Every structure is written in structure tokens, then in C-alpha cells.
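Participant: sequence first, predicted coordinates after that:
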Number of protein chains: 2
Amino acid sequence: MLTQNFEKLLDIGIALSSIHDLDELLDIILSEAQLLTNADSGSIYLVKGNRLIFKTSRSNTYFKKWGEAKTREIFRSFEMPITKESIAGYVALTAKTLNIPDVGNLPSDSEFRYNATIDKKYGYATVSMLVVPMLNRERKIIGVLQLINSMEGEKVIPFTEEHQRITSSFSSQAAVSIQNAELTKELKNANLDTIFKLSAAAEFRDKETSNHIKRVSHYARLISQKLNYSKEEIELLFWAVPMHDIGKLGIPDCILQKPGILTPEERKIMEQHCVIGAVVLKDSTAEVLKKSKIVALTHHEKYDGTGYPMGLSGKEIPIEGRIVAIVDVYDALSSKRCYKEPFPEEKVISILEEGRGKHFDPDILDIFLMNMNEANKIRESYQDTDKDFDKYVGLTNINLSDLLK
Amino acid sequence: MLTQNFEKLLDIGIALSSIHDLDELLDIILSEAQLLTNADSGSIYLVKGNRLIFKTSRSNTYFKKWGEAKTREIFRSFEMPITKESIAGYVALTAKTLNIPDVGNLPSDSEFRYNATIDKKYGYATVSMLVVPMLNRERKIIGVLQLINSMEGEKVIPFTEEHQRITSSFSSQAAVSIQNAELTKELKNANLDTIFKLSAAAEFRDKETSNHIKRVSHYARLISQKLNYSKEEIELLFWAVPMHDIGKLGIPDCILQKPGILTPEERKIMEQHCVIGAVVLKDSTAEVLKKSKIVALTHHEKYDGTGYPMGLSGKEIPIEGRIVAIVDVYDALSSKRCYKEPFPEEKVISILEEGRGKHFDPDILDIFLMNMNEANKIRESYQDTDKDFDKYVGLTNINLSDLLK
């Protein structure tokens, strides 16, 4: 292989290692592989158990014809069993590289065959293919990289020996980057899952269901998206919001669960939950906990300065607090509580509107109200069911041995 | 550069990307760099803010003379300000590579100088040096790779042009791997921090301090180490243990905080905390939550089958439950509670011994009792102070503005 190709591979390897978002990574792996081999099109499949998942595809021809968005819409992720009949399946099973000059002229004794359904449907002519297994360091197949139609000007030519060698080298680098991105994703999922589970547990005594905090997190994310937060900031807020009421753990049952109206003294103790939450969450270097501390402390402040615990007003209140103030009230109004049915949408909106500039930041309220359609979708996705509530109450029906698994 | 060197670099890059433990990674980076340049010794410094942290060093000469362990003991991690006077500091500030044939013959107008103190102290003769900045993809310096004494047989020679080029290429790969390992470490720390904070919050009503769950986690880790668990399994248990009592959130204050003895009905409700915890934690794909579910469900089972909630006996009880059963009781006995002072060690041990084969797995109890010295160290590191308790109670003394930061 040419030294200059090796140098390119070194650079690409460093670039791939720096990308931690799996979808972005797969797309870049594919476009780099296209460049290395002059391929018109390509796809990546990942192995999950005994299935092959079609993850991403790129095609110069289709992109030109339909644009990227429509092409991606058409070639959505799908799953298939790993069998020797399909080309990708063959490579996943055998770990052999296939360099096929013309898929229309496969030898009659070929173990695999080319399925031309998609080509026919969309008017594409697949001729040459280079299909490479993606092996991790333990030589386990984690995916298949499939390149289609190497181009020489307007002409389709077979992939060369050199293409095959460089793509094999490249696919090992890609495999380790994919594994790293998956590890990062798993770690993040574990973290988010822990936050949701433990925060849901904390809502237990308050008789909320775990869906309350999920909805509130999603509403807050919706607003932060409309505020054009960066991807990282959106994620951080989404993770931080579930912990906003964690300080209620410091409030005695007799106050937290009191039916009816609290006395002024009881109210004062109840209001301490913001401070308790912030105290519990402080002193962490983790960004998500720093953010949740701010949310815990300030989500009961009011825009006109009549809130608690600090009586901050206007933009003095951190924006996270102003966002959660709105979505927390919105969720209380729009969902069923033990003492009330959900209010109809007009009533919810009119109550929020009454709070404009008093309780709520008018700008953020506008943004939220302009996106009620999306908020409704969130509410429908995370409805409270009686079953959800019974999950905690009906402990006698639980099969303990199942829990052991 | 030779193609064969490039091929080697590609392989090394893939290998480095697969290592997620920072210390292990730094050590391998250094040993690979030694091999690439025939260097007798080397060190890695990482940049943290405006300081340079000496992280790791390797030396064939010292390893031969003292062995690895002693060498590492002598060359422990230390910090220094980044200034142009030291060689590593010069490279960190200027991002220039220094290839010095003989540190004893630096030109008189050199901006940096070689500090021979360590050489003199340990009888080493540094002659040639190759000091390379480690740049990340944004061309920011994240560290300095320092190689000492390129060897030709027994003779020290200057590092070659080729050494310099390959080490520069290598150091970019190393930099991105270091950043990835640091990211993984941060994500793990954030997860662990969340687990400890939220679990500590859950202990709130039980009037335990956050140090109770820390101690119990450390005791459990101690046992799992002595049981020769893998590094991953040890970490998993350490993370899972803090959540073992999360189900207490489902127990009413009047029972949880009742002074004196519970009625049989109250006891029955109290015992439900194991089941509630497991129900809250179930249905997660995250390994740590799966593990914590098992611990929550089984940490009150007893070896003779008289425990709850399932009445499992002997090795039917998952080992995590058997471990936590011991360390949870040990911590209750050996630390101060609102109703008692810590018991003296002999009394603690004799109570545990009484439970051998009845409450406790005899084999695990033996292992724990054989390591009382280390358990004592843990207890001393995570003592409960009255101040720690006041942290929650004395909320009136808190400066709320400080919490906002």
C-alpha cells in the first residue's frame, strides 16, 4: 500500500476516535470509505446478537436525485437475520471480504445472491461491490461495511486490490471507534437510567409516578431546543431536571402527604425542599449535578420576585429555574393527580397566561405555548396509567423470583 | 517515513483506542514510544489548567536495578507549574518538539535548562532527549511525552530524525486516546457521584449520613477484592451497593422513624423495603442497576433461611446479598447511631461470629474478619461527624447565594 494512503489512514483514525456520537460516526466512516475507494454508494450494518442492523447509507446518485434528507427517509434502519444468502449476511457469518466485479454475473455455485429489489424499485444499477467485515480487536465481527460501484469518471469499474487492502485496514480502525462510541452511549444511558430510577423513587412518597419526572424532563428539553441550546446543553438540562424535587426527601410525611392546606409553619418547612435539594447535590464536579443543583434551588422562584427560597426576580433567576417553573406547573395542571382530573387544554393555557410576567418568564412562556403540539405528544407518550401506580402499591402480586433474575 | 512504521502505527492506534483505563493507557503509550525509538527511559506529563502533572514513567535501567514496583514508588505523580525553564514546561508552552543530542551540552543561550537533581540522586546519566508535545484534534496541548537515551546496544545515541517524525505522529494518536480515556473516566465519575448523592438523599429520612453508604460500599469492595473478582465486577458491586436501601422511600415516616420496637404489622411493612427497592430498580438494561436490584432484594436474607423477603438459604442467596448482609450489620455495630455509641471491635467481632452460618455466610465472614485492618482504615476515612449531620439539619446557616454558583 502506498505510504500516502497510510498517512491518510492515520489521520482518519485520529478523526474517528474523536467522534463519540454513534450516528455521526457511522456517517463519517461511510463517507471516508467512499472517498478511499471512489464508491458511489455504501451502507453500514451492525451486528446485534444474531441479527444484522442496517444503520446508515450514503449514495452520491441518490443524494443528487433526491437530496440527503429524502434518501435517508427512504433507506431507514431495518433489521434482518444473519444468513449466508444475503451478501452482508455472508460477510458477517464468514468474516470474508467479498470483492465482486459484477453482481449481475455471480457464478452459478455462489453461496450468496444479490437481491435487486431495491435497485429495481428506485432505478439504481448496482454493479461492483466491496463488502468488508468490521472486526474488533478480539477479531469478533461487529459490523459489515458495504461499498457499491467504484467510479472512474462516469464509468463503474470493479474495486481494485488496493481498494480492498486499504478498506480492510480502515475497517479495523472504524470498528474500534464504533465500539468506543457504543461504550460511551452505554455509560450515558446507565447514568440517565440511574437518574430517572432514583429520582422516581424519591417521588414515591409524594405519590407521583415516575412519568411525572419524565414528562417534565421532556418539556424542559423541548424548550431548550427551541431556545437553540447546543446539543450538550440540551442533554445536560434533560438529565438535570429529574432531580429537581430530590429535597422533598427531607420533608416529613406529615407535611408532604397532608391532605388540604398547610399551615404557614408547615408551608415554611415544605419550602425548604429547594434548599435541601441544593445542599444534597452540591460539591460535585459532575456537570449534570451542578446543573441539577441550580434547578433544585430555583424552580420555585417567581418572575416578579414573590417566589422562594431566595425571592429572586426576572433574569436574576437562572434560566433553568425559569424553564422548570413553567413545565412543572404545566404538568401539574395537565395531568391527573389524586385530588383532580387533568384540566382541559384551554384552561391549562389560560392559567399559564395569568402567570405571565408574574410567576413565569414571558419569553419562555411564549416559546412553550407556541409548541403545545409537541408538548401534547410528550404527554401522550408518558401517560400515567393506574397500572403504573399499582406497580408500587400492588406489591403482593409480585413474583419475587422474577425480580431475582 | 517507512511504510512498515506506518503500518505499526496503525496497529498501535487501534490498540490504544481499545484501552479505557487512563493509567494503563499511559503506561502502554510510554512503552510503545520506547520501542519505537529504542529509548531507555521516558515519562508522560499531562496538562491540567496551568499545571503540568507528572503521571507515569518507565525506565529499563531502573526496572532492572530496582524492579517495576520500587521504581514506580520512587517516581510518583507530582505537579509543577508550566514554565519555560523546565524542558517539559518549555514544550508544553511552545508546542515545539525538542530533540536534544546531549542535555549536558545545551547552548548557553538556551531558554530551558536540564535539571540533573534526580539523575544525581539515583545515579542515572541522561544524555539524549526527545520531548514531544501531545496535541489533540483542536491542536491544544494535552500533555508532553518525554523520551530519554536512545540506545544502540549499550551506547547512548541521539534520537534520529526518523524517531522524531514517528513519535510526533504517534503522539497525536496517543493524545486522542488519552482524551477518550478521560471522557470515559468523567462519565463514570458522574455516574458514581449521582448514585452516591441520590442514595445519600434517600437515607435522609432514616437519619443516616451519606457516609454510611460510602462505608458499606467500600467494605463490600474490600470483600470482592479478596474474593478475586475481576476489576469490572468489583466496580459494579461498589456502584450497586449504595442503592441497597432505596426502597425505604416507600416506607412511611411513622414506621421508618419510630423509636423503639415495631409491632409485627409494622415490621411486615418495614420488610417490604427490599421488594420496593427491587421493583423501583428493575427493568433497566444498565448493569449497575441490575446488580443493585439484586442487592436491594436480598441483603436481608439469612444464611439459615430465616431472613426476608424470600427466605432463601445458603448459596441460594446471591453472593452480593450475602456480602452486603455482613457489611451492613458490621457498619451498624461499628459506627455511632442516634441511639448508641460505636461498639468496641471485640464486641463487633463477637456479634458477627455469633451470626456465622446463621445470619452470615461463614466463608465470606472469614474473609471479612481476616481483613479487619483494612476495614478499620475505611471506617476512619469515612467517619460520621456531627458536622456532617448538621449539614442537613442546620439549613438556616446556609448562604443561598453560594449554592447558586
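Facilitator: Great, that's in hand.

Participant: how close does residue A:82 sit to residue B:132?
Facilitator: Here residue A:82 is placed at a distance of 45 Å from residue B:132 (C-beta to C-beta, to the nearest Å). Where C-beta positions appear, they are placed from N, C-alpha and C, glycine not excepted.

Participant: how distant is the host helix or strand of residue A:54 from the center of its chain?
Facilitator: Per DSSP states H and E: residue A:54 is located in strand A:51-59. Distance of strand A:51-59 from the chain centroid (C-alpha atoms, centre = their mean, to the nearest Å) equals 18 Å.

Participant: do the same with stretch A:267-287
Facilitator: 28 Å.

Participant: could you do stretch A:10-24 as well?
Facilitator: Distance, stretch centre to chain centre, for stretch A:10-24: 19 Å (C-alpha atoms, centre = their mean).

Participant: got the contact list for it?
Facilitator: For stretch A:10-24, contacts defined as C-beta atoms under 8 Å, 6 or more residues apart in numbering or on different chains pick out A:25, A:28-29, A:32, A:55-56, A:170, A:173-174, A:177-178, A:180-182, A:184-185, B:6, B:9-10, B:13-14, B:17, B:136-137, B:169, B:172-173, B:176-177, B:179-180, B:183.

Participant: now do the buried residues in that stretch.
Facilitator: A:10, A:12, A:13, A:14, A:15, A:16, A:17, A:18, A:19, A:20, A:22 (16 or more other C-beta atoms under 10 Å in any protein chain shown).

Participant: would you turn those residues into a markdown table with distance to residue B:89 and secondary structure?
Facilitator: Below are those laid out as a markdown table (distance: C-beta to C-beta, whole Å; DSSP: H, G, I helix; E, B strand; the rest coil):
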| residue | distance to residue B:89 | secondary structure |
| --- | --- | --- |
| A:10 | 28 | helix |
| A:12 | 33 | helix |
| A:13 | 30 | helix |
| A:14 | 26 | helix |
| A:15 | 30 | helix |
| A:16 | 32 | helix |
| A:17 | 27 | helix |
| A:18 | 27 | coil |
| A:19 | 32 | coil |
| A:20 | 31 | coil |
| A:22 | 39 | helix |
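
Participant: would you format those as TSV with pLDDT included?
Facilitator: Compiled in TSV, the buried residues of stretch A:10-24 are given as follows (pLDDT from 0 to 100):
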residue	pLDDT
A:10	86
A:12	91
A:13	90
A:14	89
A:15	91
A:16	92
A:17	90
A:18	90
A:19	92
A:20	90
A:22	94
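
Participant: let me know the closest of those residues to residue B:96.
Facilitator: When these are compared for distance to residue B:96 (C-beta to C-beta), residue A:14 wins out at 20.4 Å.

Participant: tally of neighbours for the closest residue to the closest one other than its chain neighbours?
Facilitator: The shortest distance from residue A:14 to any residue other than its chain neighbours is 5.2 Å, reached at residue B:176 (C-beta to C-beta, 6 or more residues apart in numbering or on different chains). For residue B:176, the tally of surrounding residues (other C-beta atoms under 10 Å in any protein chain shown) stands at 23.

Participant: picking up where we left off before, show me the contact partners of the strand holding residue A:54.
Facilitator: A:23, A:26-27, A:30-31, A:34, A:40-47, A:71-72, A:75, A:77-82, A:88-89, A:92, A:124, A:143-144, A:148.

Participant: next, the angle from whichever strand or helix holds the residue nearest to residue A:14 to helix A:161-203.
Facilitator: Taking DSSP H and E as the definition, residue B:176 sits inside helix B:161-203. Helix B:161-203 and helix A:161-203 are oriented at 20 degrees to each other (axes from the mean of the first three to the mean of the last three C-alpha atoms, to 10 degrees).

Participant: now do helix B:161-203, average pLDDT.
Facilitator: Taken as a whole, helix B:161-203 carries a mean pLDDT of 91.

Participant: that one: what's the following helix or strand?
Facilitator: Remark: after helix B:161-203, the chain's next helix or strand is helix B:210-226, criterion DSSP H and E.

Participant: so what touches that following helix?
Facilitator: With C-beta under 8 Å, 6+ apart, helix B:210-226 has contacts from B:196-197, B:199-200, B:203, B:233-234, B:237-239, B:241-242, B:244-245, B:320, B:323-324, B:326-328, B:330-331, B:335, B:364, B:367-368, B:370-371, B:374-375, B:378-379, B:381-384, B:388.

Participant: which of residue A:82 and residue B:132 has more residues huddled nearby?
Facilitator: Neighbours were counted for residue A:82 and for residue B:132 using other C-beta under 10 Å; residue B:132 has more, 28 against 20.

Participant: quickly note the distance from the more buried one to chain A.
Facilitator: Using C-beta to the nearest C-beta, to the nearest Å, residue B:132 is found at 15 Å from chain A.

Participant: wait, that residue touches residue B:144, no?
Facilitator: Yes: counting by C-beta atoms under 8 Å, residue B:132 does reach residue B:144; the two are 7.2 Å apart.

Participant: what touches both of these two?
Facilitator: What both residue B:132 and residue B:144 touch, as defined by C-beta under 8 Å, 6+ apart, is the set residue B:91.

Participant: first-to-last residue distance for stretch A:200-215?
Facilitator: 12 Å (C-alpha to C-alpha, to the nearest Å).

Participant: residue farthest from the centroid of chain A?
Facilitator: Note on chain A: the largest C-alpha distance from the chain mean falls to residue A:108, namely 45.0 Å (C-alpha atoms, centre = their mean).

Participant: on that earlier part again, out of the contacts of helix B:210-226, who's near chain A?
Facilitator: Contacts with chain A within those, counted by C-beta under 8 Å from any C-beta of the partner chain: B:197, B:199, B:200.

Participant: pretty sure the second one sits against residue B:243.
Facilitator: Yes: at 5.3 Å, residue B:199 counts as touching residue B:243 under the criterion of C-beta under 8 Å.

Participant: got the angle between the strand holding residue A:54 and helix A:161-203?
Facilitator: Using the same axes, to 10 degrees, the direction of strand A:51-59 lies 120 degrees away from that of helix A:161-203.

Participant: kindly export the next helix or strand after strand A:51-59 (C-alpha atoms) in PDB.
Facilitator: Using DSSP H and E, the next helix or strand after strand A:51-59 towards the C-terminus is helix A:60-66. C-alpha atoms of helix A:60-66 as PDB (Å, rounded to 0.1, in the frame of the first residue of the first chain):
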ATOM      1  CA  ASN A  60     -23.900  10.200  -4.400                       C
ATOM      2  CA  THR A  61     -26.500   9.200  -7.000                       C
ATOM      3  CA  TYR A  62     -29.500   9.300  -4.700                       C
ATOM      4  CA  PHE A  63     -28.300  12.400  -2.800                       C
ATOM      5  CA  LYS A  64     -28.100  14.200  -6.200                       C
ATOM      6  CA  LYS A  65     -31.500  12.900  -7.300                       C
ATOM      7  CA  TRP A  66     -33.500  13.300  -4.000                       C
END
